[in-house]
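# got a predicted model here, sequence first, then my questions.
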Amino acid sequence: MLKAKILTIFPEIFPGFLGTSLTGKALDEGIWQLEAVNIRDYAFDKHGSVDDTPCGGGAGMIMRPDVLGAAIEHNFEGGKIIYMSPKGKTLTQKDVHALSQEQNLTIICGRFEGIDERVIEEYGIEEISIGDYILTGGEQAAMIMLDAVVRLLPGVLGNAQSTENESFEQNLLEYPQYTRPIEWKGRKVPDILMSGHHENIAKWQRQQALQITRKRRPDLLEKMLDLE
Ligand code: SAH
């Protein structure tokens, strides 16, 4: 069972959208656990100060290592400690699979200009980014990462919803999908999909997946060829 502990100054954000739909149902069923810890509870003054000005000058505030360290030391239960960070490794579906095997994840959500570098060194923290853009806080990034991870936990997706053909699972984007009505605004669902010939359908879907990947994400195709 996965237990995710989130260290944040906005615990009220959680579970947020993780409390709805598949991830929410899995939370209710105890397939995973989520605990949001308020970093301010570990502050040393009565105002709950967690940040200070950057050494060497510059804009914004930095989260203090002593307060963050106390929050980590009181809450760590083993496993990986992750800091959601634009400087981290960009999260991929492969990383998501690996994270879904973990028992404990301690996730630090930065605010302001981020956290003191020494915290990362001291606790051997892994930095993970969700993409090359800047958010206001790590909470949003943590929720997106957990959404992707929890979806892969056994029992979260029904049997009918298999992940193996989804985008990125084989370094391929997914083939185009259709449903009824068969004709809509003069556009028909490709005949092959209505043929009932499973082998030809699978072949068509594979060709389509290759084509769309070649066009939109040639970088993925190269990765796929490396694996073969
Ligand atoms: N000054 C930092 C950005 C701080 S943004 C820099 O230039 O790198 C504030 C917080 O939001 C960060 O501490 C981090 O926890 C979170 N964050 C912002 N963008 C993110 C991203 N792309 N992925 C993961 N976390 C992100």
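Yes, it's here.
# helices and strands around the strand of greatest length in the chain, which ones?
Longest strand in the chain by number of residues (criterion: DSSP state E): strand 80-90. With contacts taken as 3 or more C-beta pairs under 8 Å, 6 or more residues apart in numbering; DSSP states H and E, strand 80-90 sits against strand 104-109, strand 126-129, helix 138-150. For glycine as for every other residue, the C-beta is placed from the backbone atoms N, C-alpha and C.
# could you give the average pLDDT over whichever helix or strand comes after that strand?
Heading C-terminal from strand 80-90, the first helix or strand you meet, by DSSP states H and E, is helix 93-99. For helix 93-99, mean pLDDT is 97.
# what does helix 93-99 contact?
In this structure, residues lying in contact with helix 93-99 by C-beta atoms under 8 Å, 6 or more residues apart in numbering are 80, 89, 105, 128, 145, 148-149, 152, 168-169.
# which bits of this protein sit near the ligand?
Contact residues, the chain versus the ligand (C-beta under 6 Å from any ligand atom): 84-87, 109-111, 113-114, 129-131, 133-135, 137-138, 141.
# just give the closest residue to G78, not the sequence neighbours.
N104 (5.1 Å; C-beta to C-beta, 6 or more residues apart in numbering).
# which residues touch the nearest residue to G16 once chain neighbours are set aside?
With C-beta to C-beta, 6+ apart as the criterion, G16 has its nearest non-adjacent residue at 5.8 Å, and that residue is M143. Listed by C-beta under 8 Å, 6+ apart, the contact partners of M143 are 13-14, 16-18.
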